[in-house]
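> Quick check, what structure comes out for this input:
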Amino acid sequence: FRVKGRIDNLEIGGMATVPMGEGDFILALKADLRKKLKKEAGDKIELWLEEDKDFKIEMPEDLEVCLTEENGLLALFLQQPKSHQNYFIKWINEAKTEATRTKRLTMTVIAMEKKQDFGAMIRESHAKNKS
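As a prediction, the model looks like this:
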């Protein structure tokens, strides 16, 4: 689930926690956030968190258009768990070039045609790239 709060004096929001089992979670901090905090491995932090109930990832218009053009694919996408919808959307939105974004949109459409979740699509892509 997503959390918001504060790490030291830095406000955060919409950060994903990763379940580790037995009620334990990990909150991964990307390099840019660690840089803002001026922290290195082993440094202590003050942490205050709560569930971010307001967090939403909006579907990009180009993704909605692509999925709507193919009969039934938007419905298949929306049947995916919300977390998987968010994985696809975040992955598409993080593309640094228009060519990469287009490739990711295409891969997402193909994944929906194959009824794949995000993980299955990525694994298949990695397997193809190895051969």
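> Not counting sequence-adjacent ones, nearest residue to the residue nearest the centre of the chain?
Geometric centre of the chain, nearest residue: residue 87, 3.3 Å, by CA atoms, centre = their mean. Nearest non-adjacent residue to residue 87, counting by CB to CB, 6 or more residues apart in numbering: residue 118, 4.0 Å away. (C-beta placed from N, C-alpha, C; glycine too.)
> Break down this structure into its helices, ranges please.
Ranges of helices within the chain are 31-37, 61-69, 73-79, 82-93, 98-113, 118-130, based on DSSP state H.
> Reformat those as JSON lines; add distance to residue 54 and mean pLDDT.
Below are the helices of the chain laid out as JSON lines (distance: least, CB to CB, whole Å; pLDDT from 0 to 100):
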{"stretch": "helix 31-37", "distance to residue 54": "20", "mean pLDDT": "89"}
{"stretch": "helix 61-69", "distance to residue 54": "22", "mean pLDDT": "95"}
{"stretch": "helix 73-79", "distance to residue 54": "21", "mean pLDDT": "94"}
{"stretch": "helix 82-93", "distance to residue 54": "14", "mean pLDDT": "90"}
{"stretch": "helix 98-113", "distance to residue 54": "26", "mean pLDDT": "97"}
{"stretch": "helix 118-130", "distance to residue 54": "23", "mean pLDDT": "90"}
